[in-house]
Structures are given as C-alpha cells and as structure tokens.
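S.K.: Provided below for reference: sequence and predicted model.
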Amino acid sequence: MILDTELRLQLTRFCHFVTQSEERSNLRMSQFPRNAYKLIPWEAEKELKKSLSKEEISEIVAAVLKTGLQSYLISEQNRAKIMIDIWDNMKTESNELQSKLNARRQPRMLSESNFRISSSSF
C-alpha cells in the first residue's frame, strides 16, 4: 500500500525499535513490582484500596521494610530513566512517521497556476 520505499523502511525500522525496546524493558524488570503488589491492598486489579486506616498503612510500611524491596530500588529507578528516554524517542519518531503518512494520504494541493482565469472567460 505504501509505494514510498524510504517511508516503508522507516516504518519497518520503527516497528523493530518498538520490539527491541519492549525486549530491553522486560530484561531490566526486577522482582520489585511482583513483590510490592503482594504487600499493597487492592480494591480491584488496578485500583488501590482508598480507605486505609493509619494502623493499616503502618502495617504495610512495616511489611515493606522487612522485605528486600530496597535492593530493587536503584535498578527500578534506572529502568524508569531508560524507559522515559525510549518513550521520548518513540514518541518523536512516531509523530514524524504519522506526519509523513498523513501528508501521503491528503490529495496534493493544486497550485494557484491551475486556477488562473483569463478575462475573456467571463
């Protein structure tokens, strides 16, 4: 569907970049999320319990401090920094590709020379 070879190549590179980024992210993932989620009370899968008492919060903090989660913090912070860079690069490149694709989809604007009207036409 895309006849522009350079644009096809850019799209292929972008897809490859996204795949590689996901693989890099997964390799850098520590056990922090899995262990932390076990210690935090959830209302639903993605929603924290909202009505925790001070005692419950203190119990959670104590439970977290007893674990080895602190050892994961530096690697998680580094992973977050890398993911922010990857996301920024991905966003920039995807915006550029989207602009190029949109330009290809729109009909070419006709130049003003196509609309010259001679006085004899009236």
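M.R.: In hand now; what should we look at? Residues are numbered from 1 along each chain as shown.
S.K.: where does this protein have its least confident helix or strand?
M.R.: The least trusted helix or strand in the chain, going by mean pLDDT, DSSP states H and E, turns out to be strand 42-44, with a mean of 67.
S.K.: Past that strand, which element shows up next along the chain?
M.R.: Next helix or strand after strand 42-44 toward the C-terminus (DSSP states H and E): strand 47-48.
S.K.: Rounded mean pLDDT for the next helix or strand after that next one, please.
M.R.: Using DSSP H and E, the helix or strand that follows strand 47-48 in sequence is helix 54-66. If you average the pLDDT over helix 54-66, you get 83.
S.K.: mind saving the C-alpha coords of helix 54-66 as CSV?
M.R.: The C-alpha coordinates for helix 54-66 follow below in CSV (Å, rounded to 0.1, in the frame of the first residue of the first chain):
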residue,chain,number,x,y,z
LYS,A,54,-3.3,4.8,59.9
GLU,A,55,-2.8,1.4,61.5
GLU,A,56,-3.2,-0.4,58.2
ILE,A,57,-0.8,2.0,56.5
SER,A,58,1.8,1.5,59.3
GLU,A,59,1.4,-2.3,58.9
ILE,A,60,2.0,-2.0,55.1
VAL,A,61,5.1,0.2,55.7
ALA,A,62,6.5,-2.3,58.2
ALA,A,63,5.9,-5.2,55.9
VAL,A,64,7.6,-3.4,53.0
LEU,A,65,10.6,-2.5,55.2
LYS,A,66,11.0,-6.2,56.2
